[in-house]
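*Asks:* fold the stuff below for me.
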Amino acid sequence: MQPTFVLVHGAFANSFSFAPLQAELGLLGHRSVAVDLPGHGFQATFTHAYQAPQDPAGLASAPGSIKGVTLADNVAHLIGILERAKRNGPVILVAHSRGGATVTAAANARPDLIDRLVYVSAWAPDDLDVNDYYAEPEMATVDPVAFAAALAGNPAVLGLLRVNFRTADPDSLAAFKAAFFADGTDEQFLTFLNTFQPDENLDAGSAADRAQAATWGRIPKTYIRLAGDASLPLAVQDRLIREGNELTPDNPYDVRTLEGSHLKWLVDPAPAARILCELATLPAPSAQGAIGTA
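*Replies:* Just a heads-up that it's a prediction; the model follows:
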């Protein structure tokens with residue numbers, strides 16, 4: 001039976017970013033569903049203070065709908081979608097970036113609903129919690145201070161993380177572009193930036209949400225490396241692959257590689273769509289795991 005691709009976005013993103021990929025998959029004859037996690041998409045908060053002319057004080061204090069949303073909420077929402085998708089046949093669950101934490105926890109809880117996991121430069125936490133990886137040597141090239149000027153409000157007060165993606169500050173825009181889309185044009189970068197929402201929840205999971213061999217570990221899984229990713233560097237991606245393979249040596253990652261930045265694959269989706277279509281024909285995990293290039 002034809003599988004359904006269930007696509008899970010990363011931080012500050014939503015289902016809208018998958019539109020080009022879904023179009024490409026559809027033209028190749030495949031069915032897909034793009035998920036909006038709780039507090040995302042049309043559930044997101046866009047305050048008047050975020051519009052032009054912006055009101056910095058209002059933006060720093062306005063409440064957001066994503067306050068209090070937890071990883072468990074994300075997982076419960078995703079499982080509901082997986083249950084519906086599974087009625088139609090096999091399910092290939094695809095995660096990007098921070099969406100990998102939700103996908104990993106969902107796979108721990110309901111491996112019966114997933115026929116293949118696909119991480120596209122996504123967090124697949126194993127040895128550490130997601131936030132703890134930021135202190136590791138593989139993340140040394142990522143400078144969180146570069147985004148400080150765009151932070152709007154105190155997360156401890158707001159109960160959420162708020163970033164002003166509509167800033168006109170040239171240093172902030174340059175930092176965003178270098179981190180997420182250095183290989184895109186300025187026009188493509190600004191277009192994508194305007195699909196982001198300002199708020200994200202604070203819960204990236206705990207030790208209980210890391211990959212578990214008995215559940216997550218029995219699902220066939222693929223990791224698509226993004227070779228030019230500056231926000232989730234290749235060294236981190238390779239560490240996640242290595243740790244996952246050590247956890248389940250009899251079920252290693254099928255590893256693929258795409259050139260490009262964190263967002264390039266979503267703007268130019270044809271190469272990624274071809275890989276996903278290939279994965280739809282793989283019946284079971286293989287003894288692959290060597291790093292290849294597609």
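*Asks:* only C-alpha atoms for contact and neighbour calcs from this point on.
*Replies:* OK.
*Asks:* secondary structure element for Ala52?
*Replies:* Of the helices and strands defined by DSSP states H and E, none includes Ala52.
*Asks:* swap in Thr222?
*Replies:* Judged by DSSP H and E, Thr222 forms part of strand 221-226.
*Asks:* what is that strand packed up against?
*Replies:* If contacts are counted by 3 or more CA pairs under 8 Å, 6 or more residues apart in numbering; DSSP states H and E, strand 221-226 sits against strand 116-122, helix 234-247, strand 254-258.
*Asks:* any stretches of this protein with poor pLDDT?
*Replies:* Within the chain, the ranges that satisfy pLDDT under 70 run 284-294.
*Asks:* how about a cut-off of 90?
*Replies:* Across the chain, the ranges flagged by pLDDT under 90 are 1, 143-149, 281-294.
*Asks:* can you give me the helices for the stretch 101-250 of the chain?
*Replies:* Shown for the stretch 101-250 of the chain, the helices assigned by DSSP state H, counting those that start in this stretch span residues 130-133, 155-158, 170-180, 186-193, 234-247.
*Asks:* can you give me the buried ones in the third one?
*Replies:* For helix 170-180, the neighbour count (16 or more other CA atoms under 10 Å) marks 172-173, 175-180 as buried.
*Asks:* angle of that helix against helix 186-193?
*Replies:* Here helix 170-180 runs at an angle of 80 degrees relative to helix 186-193 (axes from the mean of the first three to the mean of the last three CA atoms, to 10 degrees).
*Asks:* export helix 170-180 as PDB, just CAs?
*Replies:* Presented in PDB, the C-alpha positions along helix 170-180 are these (Å, rounded to 0.1, in the frame of the first residue of the first chain):
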ATOM      1  CA  PRO A 170      21.100  44.200   9.800                       C
ATOM      2  CA  ASP A 171      23.200  42.200  12.300                       C
ATOM      3  CA  SER A 172      20.300  40.100  13.500                       C
ATOM      4  CA  LEU A 173      19.200  39.400   9.900                       C
ATOM      5  CA  ALA A 174      22.800  38.500   8.900                       C
ATOM      6  CA  ALA A 175      23.000  36.100  11.800                       C
ATOM      7  CA  PHE A 176      19.700  34.400  10.900                       C
ATOM      8  CA  LYS A 177      20.800  34.000   7.300                       C
ATOM      9  CA  ALA A 178      24.200  32.600   8.200                       C
ATOM     10  CA  ALA A 179      22.600  30.100  10.600                       C
ATOM     11  CA  PHE A 180      19.600  28.900   8.500                       C
END
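*Asks:* residues in contact with it?
*Replies:* Residues from elsewhere that reach helix 170-180 (CA atoms under 8 Å, 6 or more residues apart in numbering): 146-147, 149-150, 167, 189, 229-231, 261-263.
*Asks:* please state the offset of that helix from the chain centre?
*Replies:* In terms of CA atoms, centre = their mean, to the nearest Å, the centre of helix 170-180 is found 19 Å from the chain centre.
*Asks:* over to the last one?
*Replies:* Between the mean C-alpha location of helix 234-247 and the chain-wide mean there is a distance of 16 Å, by CA atoms, centre = their mean.
*Asks:* gap between the residue located most distally from the centre of the chain and Leu161?
*Replies:* The C-alpha centroid of the chain is most remote from Pro53, which lies 30.8 Å away (CA atoms, centre = their mean). Relative to Leu161, Pro53 is positioned 22 Å away (CA to CA, to the nearest Å).
*Asks:* now Gly205
*Replies:* 15 Å.
*Asks:* between those two, who's got more neighbours?
*Replies:* Neighbours were tallied for Gly205 and for Leu161 using other CA atoms under 10 Å; the higher tally belongs to Leu161 (21 against 18).
*Asks:* circling back to that earlier point, now, of the contacts of helix 170-180, which are buried?
*Replies:* 147, 150, 167, 189, 229-231, 261-263.
*Asks:* which residues does the nearest residue to Thr167 once chain neighbours are set aside contact?
*Replies:* Nearest residue to Thr167, sequence neighbours excluded (CA to CA, 6 or more residues apart in numbering): Ala150, at 6.9 Å. With contact taken as CA under 8 Å, 6+ apart, Ala150 is in contact with 163-165, 167, 172.
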